[in-house]
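build me a model from this:
(chains A, B, C and D, ligands or ions: 2)
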Amino acid sequence: MSKSDHEHHRERDSEATFGEYGGQYVPEALMPAVQELEDAYERYVLNNEDGFMDEFRERMADFGGRPTPLQRADRLSERYDREIYLKREDLLHGGAHKLNNALGQVLLAKYMGKERIIAETGAGQHGTATAMAAAHLEMPCEIYMGRTDINRQRPNVYRMRMNGAEVNPVTAGSATLKEAINETMRDWATTVETTHYVIGSVVGPHPFPKLVRDFQAVIGQEAREQIRERAGRLPDSVVACAGGGSNTMGTFHAFVPDDAVDLYAVEAGGSSLEIDEENALAPNSATLSTGTGGVLHGAMTKLLQSEDGQIMESHSVSAGLDYAGVGPELSHLVDTGRVTPASVGDEAALNGFHRLSNLEGIIPALESSHALGYLEESHDELGDLVVVNVSGRGDKDLETVLEETEKRDLEAAPDVEVFGQ
Amino acid sequence: MSKSDHEHHRERDSEATFGEYGGQYVPEALMPAVQELEDAYERYVLNNEDGFMDEFRERMADFGGRPTPLQRADRLSERYDREIYLKREDLLHGGAHKLNNALGQVLLAKYMGKERIIAETGAGQHGTATAMAAAHLEMPCEIYMGRTDINRQRPNVYRMRMNGAEVNPVTAGSATLKEAINETMRDWATTVETTHYVIGSVVGPHPFPKLVRDFQAVIGQEAREQIRERAGRLPDSVVACAGGGSNTMGTFHAFVPDDAVDLYAVEAGGSSLEIDEENALAPNSATLSTGTGGVLHGAMTKLLQSEDGQIMESHSVSAGLDYAGVGPELSHLVDTGRVTPASVGDEAALNGFHRLSNLEGIIPALESSHALGYLEESHDELGDLVVVNVSGRGDKDLETVLEETEKRDLEAAPDVEVFGQ
Amino acid sequence: MSDIEAAIRDNHPALITYLTAGDPSLEDTKAYVEALDRGGADLIELGLPFSEPIAEGPTIQAAINRALDAGTTPAGFFELVDELETEAPLLVMTYYNMILQYGDSEAPRASESDAAPPQSKPDVRLFVERAAEVGLSGIIVPDLPAEESEPLRAACDEHGLDLVFIVAPTTEGERLETIMSQVSGFAYVQARLGTTGARADVSNATHDSLARLSAYDVPKAVGFGVSKGDHAAEIIEAGADGVIVGSALIDIVAESDTPAIDLEAKAEELKRGAIRGTDGTGEDEIDAPEPEQP
Amino acid sequence: MSDIEAAIRDNHPALITYLTAGDPSLEDTKAYVEALDRGGADLIELGLPFSEPIAEGPTIQAAINRALDAGTTPAGFFELVDELETEAPLLVMTYYNMILQYGDSEAPRASESDAAPPQSKPDVRLFVERAAEVGLSGIIVPDLPAEESEPLRAACDEHGLDLVFIVAPTTEGERLETIMSQVSGFAYVQARLGTTGARADVSNATHDSLARLSAYDVPKAVGFGVSKGDHAAEIIEAGADGVIVGSALIDIVAESDTPAIDLEAKAEELKRGAIRGTDGTGEDEIDAPEPEQP
Ligand SMILES: Cc1ncc(COP(=O)(O)O)c(C=O)c1O
Ligand SMILES: Cc1ncc(COP(=O)(O)O)c(C=O)c1O
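Ligands and ions are numbered 1, 2, ... in the order given. Alright, predicted model coming up:
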């Protein structure tokens, strides 16, 4: 290895990785684009060149509706006998935190002179956010979505199309998120010179995990200031759900240096944490709690995988958490003990959904309901002052919740038998 | 008539009416409740007794997400060659301006010591807003909704139930909004001592039109300040859709004293402005443009009615505008020339919907799409600086828009044939 | 003393009956009204149907819908009344908008004209004039509280018609006094909160209301929920001067194969019950079995 | 000079073939590899299937799915290679995670323990060790760019295996130099942007890439889209030292009734095409008709 190689690697260690995680495990054809993006990230995002971050923040305020409120949850506070505050990302345009990232990346693509936007989507939240951002910024946009997900998430498909995006069905494998990501990467490998791939979470090759985190970090920045104003001090703990981990890192980032603030990343416990090794099937997507290190979709991170290294099918009642990987920075923060991984199963998440709807008049996304479910299960360890990120609204989940509630005897659910009448 | 009677009547003229409109045309049993509400309106809303308005504003910020942005619509501005700004009530919690009023009234009911909330709903927007507010403030809540509307608006029914509200189907007549209002009035006439009826627009007996207007007036107050900050001056015109007229009066109220600001109330032109007198059927709900004075649901106002005084079935592609009456204050402002009534038909509204979705990345409610459709039809008279109220988001309307778009050859629509694939 | 007040005082305890005109046709209504008159009704209310009857329960709502479907109009209504020759005086019961719009067909729609000129307030006098002309003795308007009644009361005064006010269980204190000071004909005592409709019992609110009104020297008739002779007896015993029966009669119109005969019999039963109330006796064994509740 | 480099230089112009191991079974793969060896393949790539093959087009994706469904594992793969006795050296083509996880079954899952201890980075040496043991000559990893290849390259160096890098149409300037300075075995020249898959033509990008690489004295083999003798001829004529063919062979595996025979014939056709490329002649009339595109 030459000296310059050595140097190159040292530099990479600090920039492209988080401890042992991260990196750029992509086909050679994509490397120049990934490096171009690194450059753009540094210039526009880190150094605000051409006023990029100013424009981003302005558009997030005017178009996106930032800042979002930090609301005291009166009845949850009473129930858990501590102060519970909700960060209301459900009020963001599009109905979830996803727009923070989508708008940031589409705007960045524009600054980079790209002519076309592609993105993957699972439940459709990132797809709709990207389609909205692309319409807003006048960029042609194509979204890859698994055929199974298309059939399950019609309204989000309609929304994307109404915003002028094309929706490309992916039929491989189980035809859900994982396959959609694979297919988007393939599109990108073909069109990389003119196209920007808007990755939907803090995953993928460097610089995506940092780029997405920095666009989402506004959640925690606002929340940190708001809680100090409201409660006069920093919270004892901050709770967010984790799929890929973008709302998670977005909420945590500003608090990471605050050692006294405990950070809880709540994953989908699905129906069980036990893994079916035989069939390479995880009935959960609790990657941080149960996963092992490996490479998926461009980064070294914790994964749900078989002994051989095959990626498992993950499962959760919440489509947006249903992913076998997780952001590399979160993997690192869990390994170093800064972030505590937790998991909440389907049933507890459904109860969390009903509890917030019923007690606070906020219908949360099923993803966010995992963070809320954690309050019920483990509020004692959270301290006296707790911030929970409500990453999105649950309008998209009504049918699923109804179906899943009908199957169960849920403590917090209303009588759904009468709903159909 | 005794002297005190005379005085009483003089007083009423200024307080309970708007010119010849308004008043309190309700059954005797309700009069004490209506007067109790007058008293509460004066004490809590007008005089901020017990800090009512402070608490209302605080909750609208933390729970509701106020202030909402005033966004420059870049591509609409380009298209119409003037400055178009959008007031983003679609970003309010629940997805429409309706929460301003619902939260205000539920909170007021609480201050008044009421124990139960009832409300009518058509498309379900006011019902969901009321259910959310009632859950938030821990008040039992029942919503009356026409059976036909229940079948058309399932997701909103689910949302209300998730928030813990009961939804009572109304089967009389065409089983839509008008019947639901009648039925809610009947409930109120039975339970008036413990129950507050949260009327959903600036209609009904005094003090409802003022009460609802004052809760909604925050829209125009914010917009007025925001446009002055952004554009350095007041707008040449302000445009809002009008069903009952709550988003309309909410947007206009702060601008009424600004004589140089033109106010446009855009009603649903439906399929035609011609009225089918024979069958007491209006294929529109352009009450301000074509209606005549009469009494409906507690107030003297403009109505769609037959020569004999029977109320007509109104029609619009947008359920939230589909009402044969309108707020008495709007009737008055139209008669005095302060507000210009306008109407936009189903087709132009659908084009307005698609245009905003496609050009700006905002999917508006079909109601709001009427205001947007008016830009296309008559932007020349609006002047150089225009504020349009986007009263709600269109998630609830996706199915309707799809169906209605498939039937037509719409200039601004994407190719919806592929949506189902 | 007005026709109406006289009809109640002279026939004490009085039976007041309600039917929706045009249900199922104006012809039928004519026959039914005559039957009630024969059966002993002392005062007859006829409903002029309005599309939004917010004070009515399901029974009368349905009657109104049948009447509207049959094409009942104010013009037809007045012709019917004009033809009727009953012993009992007739009142019209309708909603305020029907009164406002009557005869107002010439009013220009606000549309086409450049700047819509302020419309003149609809005039209630045409309706009252016509009501007087066809021989109606009074008007009841469920959605017109005393506070809004000035124009209609003036017109009624001018034409010698009574404007009957409703006193609800919630009507108390100052408002009660104001209303009682304006009473003409009789005070319509609403037996309970809620809407019209036959009920199985007499509410406590009735007793309370009658007690509250006992100091006023005006005829008091109790309606809302009265369906049989026993109710009538109880109400009269509690101090009322008359009972008002509507939904129970409409059930007969809707369900009976011989409505005229049954209406006459029902009126007799109710009138007997009312009379029984004056001498404090108990049950009336010959009461018809309780009708099916809708 | 490594086995691989020698195989290309000695057999110039070289034919390099790819098959997915385990498609439809490891037994079949053995027979097919032997057929290709007979047919004139100078170097044979065997794909060790990974569940997320992001660089592959539909043809190889489907082959990988068939192989995984058949239960293909790294252990079985290595046994197959161990058994194979071909004249052509063998390379394994797989995704990086398969290499990372190999033999790592002892690594504790992060779960139960109180504070999860930092996991030691998975070790790539076990895979390379085993690869060397069964006689593989090299490794190609489509999702491992030069920037991340240090650990694997070190292990390959240690065991005398070539780590083959891909040069894409987008690889230019400094990166191209870095990669070319690290080349071992040969440079895998990606013929076009996109994923693997048989195509009907040879892209312009191929000519551009070869021109860009002409200054470097390393064997260059062109892959991605090569499906017939004519392509091979054109590519060799443009300056390549070898052609790489995959999807076109997998089509045969998937569709032929006599895959081994047809694979052998296809290899012959391709090798003939390649040779034809060295003397600049045009079309080869005996080329098989173009296969159906999937
Ligand atoms: C509302 C919401 N929350 C959370 C998530 C999970 O994503 P992440 O972990 O990247 O925040 C999603 C993904 O779709 C989502 O829609
Ligand atoms: C989004 C939206 N805008 C407008 C309206 C019309 O009501 P109003 O005229 O009272 O604002 C509705 C009624 O449902 C609505 O949902």
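
show me what counts as buried in the helix or strand hosting C:Asp82.
Element membership for C:Asp82 (DSSP states H and E) is helix C:74-83. Within helix C:74-83, the residues that count as buried by 16 or more other CB atoms under 10 Å in any protein chain shown are C:74, C:76-78, C:80-81. From N, CA and C alone the C-beta is placed, and that goes for glycine too.

with stretch A:53-64 instead?
Applying 16+ other CB under 10 Å to stretch A:53-64 flags A:53, A:56-57, A:59-60, A:62-64 as buried.

for stretch C:180-190, same thing?
Residues of stretch C:180-190 classed as buried: C:180, C:183-190 (neighbour count, 16+ other CB under 10 Å).

check those residues and tell me the two furthest apart.
C:Ser184 and C:Gln190 (17.4 Å; CB to CB).

for the stretch 301-421 of chain A, what lies in contact range of chain C?
Taking CB under 8 Å from any CB of the partner chain as the criterion, chain C has no neighbours within the stretch 301-421 of chain A.

which non-adjacent residue is nearest the residue of the stretch 301-421 of chain A found nearest ligand 2?
In the stretch 301-421 of chain A, the residue that lies nearest ligand 2 is A:Asp395 (14.4 Å; CB to the nearest ligand atom). Nearest non-adjacent residue to A:Asp395, counting by CB to CB, 6 or more residues apart in numbering or on different chains: B:Asp395, 6.0 Å away.

find the closest residue to chain C in the stretch 251-400 of chain A.
A:Gly361 (29.2 Å; CB to the nearest CB).

can you pull the contacts of that residue?
Neighbouring residues of A:Gly361 by CB atoms under 8 Å, 6 or more residues apart in numbering or on different chains: B:63, B:131-137, B:163.

next: A:Phe353.
Neighbouring residues of A:Phe353 by CB under 8 Å, 6+ apart: A:363-364, A:366, A:369, A:372, A:394, A:397, A:401, B:162.

likewise for A:Ala265?
Counting by CB under 8 Å, 6+ apart, A:Ala265 touches A:240-242, A:245, A:248, A:252, A:288, A:330, A:334, A:339-342.

chain C: strands as residue ranges?
In chain C, the strands defined using DSSP state E lie at C:14-20, C:43-47, C:90-93, C:138-140, C:162-167, C:187-190, C:220-223, C:242-245.

one step back: mind checking which of the buried residues of stretch A:53-64 are in helices?
A:53, A:56-57, A:59-60, A:62 (DSSP state H).

pLDDT weak spots in the stretch 51-200 of chain A?
Filtered on pLDDT under 70, the stretch 51-200 of chain A yields no residues whatsoever.

my bad, the stretch 101-250 of chain C
For the stretch 101-250 of chain C, the stretches flagged by pLDDT under 70 are C:104-122.

related to what we said a few turns ago, just give me the closest of the ones in helices among the buried residues of stretch A:53-64 to ligand 2.
Comparing those against ligand 2 with CB to the nearest ligand atom places A:Asp62 closest, at 20.0 Å.

excluding sequence neighbours, find me the nearest residue to the closest one.
Of all residues not flanking A:Asp62 in the chain, B:Gln71 sits nearest, at 4.3 Å (CB to CB, 6+ apart).

does that neighbour touch B:Glu83 like I think?
No - in this structure B:Gln71 lies outside contact range of B:Glu83 using CB atoms under 8 Å: 11.7 Å.

which of these two has more neighbours?
Under the neighbour definition other CB atoms under 10 Å in any protein chain shown, B:Gln71 and B:Glu83 were set side by side, and B:Gln71 has more, 25 against 19.

got the phi and psi for that one?
With angles defined as degrees, to the nearest 10, B:Gln71 sits at phi -110, psi 130.

got it, and A:Phe18?
Per degrees, to the nearest 10, the backbone of A:Phe18 is at phi -120, psi 100.

spatially central residue for the chain, please.
In the absence of a named chain, chain A is used. Of all residues in chain A, the one closest to the mean position by CA atoms, centre = their mean is A:Ser246, 3.5 Å from it.

was after chain C, sorry
Nearest to chain C centroid, counting by CA atoms, centre = their mean: C:Glu45, 4.2 Å.

enumerate every residue touching that one.
C:16-19, C:90-93, C:140, C:244, C:246.

gap between it and C:Ala62?
Computed as CB to CB, to the nearest Å, the C:Glu45 to C:Ala62 distance reads 17 Å.

and what of A:Glu347?
Remark: distance between A:Glu347 and C:Ala62 (CB to CB) = 47 Å.

same thing with A:Phe52?
In this view, A:Phe52 and C:Ala62 are 67 Å apart by CB to CB.

state the number of residues packed around the closest residue to C:Val245 other than its chain neighbours.
Spatial nearest neighbour of C:Val245, excluding adjacent residues (CB to CB, 6+ apart): C:Val226 at 4.9 Å. Using other CB under 10 Å, C:Val226 is surrounded by 30 other residues.

equivalent analysis for A:Arg72, please.
Using other CB under 10 Å, A:Arg72 has 16 other residues around it.

again with A:Ser378
By other CB under 10 Å, 15 other residues sit near A:Ser378.

you'd agree it is up against A:Ala342?
Yes - the pair A:Ser378 / A:Ala342 is scored as a contact, 7.0 Å apart, by CB under 8 Å.

circling back to that earlier point, out of the contacts of A:Ala265, who's near chain D?
Applying CB under 8 Å from any CB to the contacts of A:Ala265, one finds that A:288, A:334 fall near chain D.

buried subset of the contacts of A:Ala265, written for PyMOL?
To isolate the buried members of the contacts of A:Ala265 in PyMOL, using 16+ other CB under 10 Å:
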select buried, chain A and resi 240+241+242+245+248+252+288+330+334+339+340+341+342
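
pick out the most distant pair among the contacts of A:Ala265.
Farthest pair in the contacts of A:Ala265 (CB to CB) is A:Cys241 and A:Val334. Separation: 14.6 Å.

A:Tyr111 against A:Tyr41, yeah?
No - counting by CB under 8 Å, A:Tyr111 does not reach A:Tyr41; the two are 10.9 Å apart.

quick one: average pLDDT of stretch C:5-15?
Averaging pLDDT along stretch C:5-15 gives 96.

and the helices in the stretch 301-421 of chain A, which stretches?
A:328-335, A:346-360, A:366-378, A:398-406 (DSSP state H, counting those that start in this stretch).

also the stretch 1-150 of chain C?
For the stretch 1-150 of chain C, helices defined by DSSP H, counting those that start in this stretch occupy the ranges C:3-10, C:26-39, C:58-69, C:74-83, C:96-101, C:125-133, C:150-159.

tell me who's in contact with the closest residue to chain B within the stretch 51-200 of chain C.
Residue of the stretch 51-200 of chain C nearest chain B, by CB to the nearest CB: C:Gln101 (3.1 Å). For C:Gln101, the contacting residues are B:294, B:305, B:307-309, C:122, by CB under 8 Å, 6+ apart.

show me which of those residues is closest to chain A.
B:Gln305 (33.4 Å).

kind regards, and thank you for your time.
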